[in-house]
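K.L.:
coords please:
(2 chains)
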There are 2 protein chains.
Amino acid sequence: MSAPIAHGGGVTAAAAVFGGGQEDWLDLSTGINPCPVALPEIPARAWHRLPDRHLVDAARFAARDHYGSGEILPLPVPGTQSVIQLLPRLVGADERIAVTDNKVAVTDERVAVVSPTYGEYARAFASAGFAVDAVDDLAAIGAAHRLAVVVNPNNPDGRIWPAETLVALHDRIKAANGFLVVDEAFGDTDPWLSLASRAQQLSNLIIFRSFGKFFGLAGLRLGFVIARENILERFEDWLGPWAVSGPALSLAASLLRSDVSPIHSRIEERSIGLHAALDGAGLRIAGGTALFTLVADARAGDIYTHLCRHHILVRKFDYAPDWLRFGLTPDPVADRRLGEALQRFER
Amino acid sequence: MSAPIAHGGGVTAAAAVFGGGQEDWLDLSTGINPCPVALPEIPARAWHRLPDRHLVDAARFAARDHYGSGEILPLPVPGTQSVIQLLPRLVGADERIAVTDNKVAVTDERVAVVSPTYGEYARAFASAGFAVDAVDDLAAIGAAHRLAVVVNPNNPDGRIWPAETLVALHDRIKAANGFLVVDEAFGDTDPWLSLASRAQQLSNLIIFRSFGKFFGLAGLRLGFVIARENILERFEDWLGPWAVSGPALSLAASLLRSDVSPIHSRIEERSIGLHAALDGAGLRIAGGTALFTLVADARAGDIYTHLCRHHILVRKFDYAPDWLRFGLTPDPVADRRLGEALQRFER
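P.N.:
You can find the predicted model right below:
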């Protein structure tokens, strides 16, 4: 058992301290598109019946065409988190770990996570008894690492690695019989970074894609794994039958074949609005992606509290007290609300 | 890796052999209520946002009141299948199993599954390297078993065990430091059988409840685990955050507080219609629950094929060639269709 990580979406907790009802809060603490697409119709049978092969295949073929994974039919999973939980098994956690009554035996097996990044990777491996090296550079990944994780673009700083660099990293890791996990959760707005089209040639690569962030449907719990068939079969076997809901598969089959250019335009418009609000308040932008912006400021903790008093929730980081991550606002009214609140901050 | 088990819902496969479009088939191969409840409104935020504590708690409190679990707040999971997959870990699979490149080391640890029953229990334990004893009686469960599974009422024969009998079994298993899993997937129509109200007193008991079968919403992927807090915490930790979709939690919070008596009445009416069709064809009813009926007949294989030619799919069993399981039909028209097809069978 390990302590839960603080994630975005904590309006309930923030409202308990700073007042206001849930609907009074402007929640900028996540990296989810705040303008969800209109829901296509979900056939009654998707709710009623167990998701059958037909429905799963419709989602897989749509995902293949959308992500450009060529011969690979991406495996739908109930959120990327569900497969993060399974990564320790991929590198043999079952072989060597003693988990008894919450006591975890320490092994000498190591994995590398390019950090800082999404915290659940380190948590999943640490609770399975692995030693986790939080490396800040790809060069620090070595033959001792059974698996390495790169989030590309990275969350929260927006660092990116070109495809060629990651292919070279894969080949190096593979030579030592390790695996490379590339999490492209925020990759939809930078499609040229994706390794999806090359995955069939890269036998020790595992790509995670998030469905909900870009489409604004995080409640669906849907992600895809792109990897060679032998790896997908193992995840499928561990998850068991019917792991993904019928409505999620139905929406994926439909939305992944839709014209997504209006979504890109809207995200870009919202990103411009957010940057204007942050610039107007004189904040320094230290990184980000189209779906969130990272601010670096020595007064970050005070700005966080000040914004909470205005019922605006952003994301702070224990490990980087100078950082604040701002998600997109849903509309220009919210941009103005954020801008005005920031301008009232007494520096 | 283990071979998938044939489950209900295989209309796609049957249509490939016997013709007809999906919608031409009368699918009686599952135990799902064929008359889904009307969907209550799902708030936009349940689709859009990650399911937060507020939404999870609303579902848990509703489940507690509905299932009568007293102090225990049932844990929502993405289908009971997801926790069947985790049961081997509960009894220490991680301690002793070597899983490398699909080769599973055999251990001398044993579990008992009261059989015949739902096949995924034996599959999950066997692929984790356990020896699975398919026992036909509770008396055959002994101190050598780290865990025992009883499906109550049982699928497909409808066998039931009174609560007192299972409490005594629990106490016996607990004395040997084992666990008892009681799967109440088909328990909604026989609520007096449930152990939910006694789970807080039974420290080594784990109850599984299915949401989708009774409400006719199997595509949702939702189940609940009822057990003492220390056990629920382990499942929660293994599943990771946001395991259940927002729409599923929202529907659970709403439907588990609704008046379910019309659902009971409808299921009873459908069950009477099904029995009349089977009786009219002179078939012998060997067991079942309100949601399905088991027929025993020496010509079961031929009846199965005959029904497929009429585009009616029922469930057959490799291990019991005399058995056929019939799910409920959605309406009297379908009862007549089934009855007429059965009467045309040349005995």
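
K.L.:
what number of residues lie near A:Glu23?
P.N.:
9 (other Cβ atoms under 10 Å in any protein chain shown). For the C-beta atoms, the positions are set from N, CA and C on the backbone; glycine is no exception.

K.L.:
a helix runs through it, doesn't it?
P.N.:
Yes - A:Glu23 sits within a helix when classified using DSSP: H, G, I helix; E, B strand; the rest coil.

K.L.:
mind checking pLDDT for it?
P.N.:
Note on A:Glu23: pLDDT of 88.

K.L.:
give the contact list for it.
P.N.:
By Cβ atoms under 8 Å, 6 or more residues apart in numbering or on different chains, A:Glu23 lies in contact with nothing.

K.L.:
What segments of chain A are helices?
P.N.:
In chain A, the helices defined using DSSP state H lie at A:11-18, A:44-48, A:53-67, A:80-84, A:87-90, A:93-96, A:120-127, A:163-175, A:212-215, A:229-239, A:246-255, A:261-280, A:300-309, A:332-343.

K.L.:
Run through the residues that contact the residue nearest to A:Pro330 when sequence neighbours are not counted.
P.N.:
Of all residues not flanking A:Pro330 in the chain, A:Pro34 sits nearest, at 4.1 Å (Cβ to Cβ, 6 or more residues apart in numbering or on different chains). Residues in contact with A:Pro34 (Cβ under 8 Å, 6+ apart) are A:Gly216, A:Arg270, A:Gly327, A:Leu328, A:Thr329, A:Pro330.

K.L.:
surely the fifth one meets A:Gly339?
P.N.:
No - at 9.7 Å, A:Thr329 does not count as touching A:Gly339 under the criterion of Cβ atoms under 8 Å.

K.L.:
So for these two, which sits in the more crowded spot?
P.N.:
The residue with more neighbours, out of A:Thr329 and A:Gly339, is A:Thr329; 24 against 19, by other Cβ under 10 Å.

K.L.:
Next, format the helices of chain A as CSV and append distance to B:Ile160 and mean pLDDT.
P.N.:
Output for those, formatted as CSV (distance: least, Cβ to Cβ, whole Å; pLDDT from 0 to 100):
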stretch, distance to B:Ile160, mean pLDDT
helix A:11-18, 42, 90
helix A:44-48, 27, 95
helix A:53-67, 33, 96
helix A:80-84, 34, 96
helix A:87-90, 37, 94
helix A:93-96, 36, 50
helix A:120-127, 39, 95
helix A:163-175, 54, 98
helix A:212-215, 42, 98
helix A:229-239, 31, 96
helix A:246-255, 30, 98
helix A:261-280, 52, 98
helix A:300-309, 55, 97
helix A:332-343, 57, 97
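
K.L.:
Which one of those lies nearest to B:Asp136?
P.N.:
Of all the helices of chain A, it is helix A:229-239 that lies closest to B:Asp136, at 28.5 Å by Cβ to Cβ.

K.L.:
Check which helices and strands the closest one is in contact with.
P.N.:
Packing partners of helix A:229-239 (3 or more Cβ pairs under 8 Å, 6 or more residues apart in numbering or on different chains; DSSP states H and E): strand A:75-77, helix A:80-84, helix A:87-90, strand A:223-226.

K.L.:
winner for burial among these?
P.N.:
strand A:223-226 (a mean of 27; mean count of other Cβ atoms under 10 Å in any protein chain shown).

K.L.:
Mean confidence (pLDDT) on that one, please.
P.N.:
98.

K.L.:
which non-adjacent residue is nearest A:Phe18?
P.N.:
A:Cys308 (4.5 Å).

K.L.:
again but with A:Thr80, I slipped
P.N.:
Closest to A:Thr80 by Cβ to Cβ, 6+ apart is A:Gly223, at 3.8 Å.

K.L.:
which bits of the stretch 101-250 of chain A sit near chain B?
P.N.:
A:102, A:120, A:124, A:127, A:216-221, A:233-234, A:237-248 (Cβ under 8 Å from any Cβ of the partner chain).

K.L.:
could you redo the last one with a cut-off of 6 Å?
P.N.:
Within the stretch 101-250 of chain A, the residues that sit near chain B (Cβ under 6 Å from any Cβ of the partner chain) are A:Gly216, A:Leu217, A:Ala218, A:Gly219, A:Leu220, A:Arg221, A:Asp237, A:Gly240, A:Trp242, A:Ser245, A:Gly246.

K.L.:
Out of those, which two sit at the greatest distance?
P.N.:
A:Gly216 and A:Asp237 (31.5 Å).

K.L.:
hang on, the earlier thing: which one among the residues of the stretch 101-250 of chain A next to chain B gets closest to B:Leu75?
P.N.:
A:Arg221 (15.8 Å).
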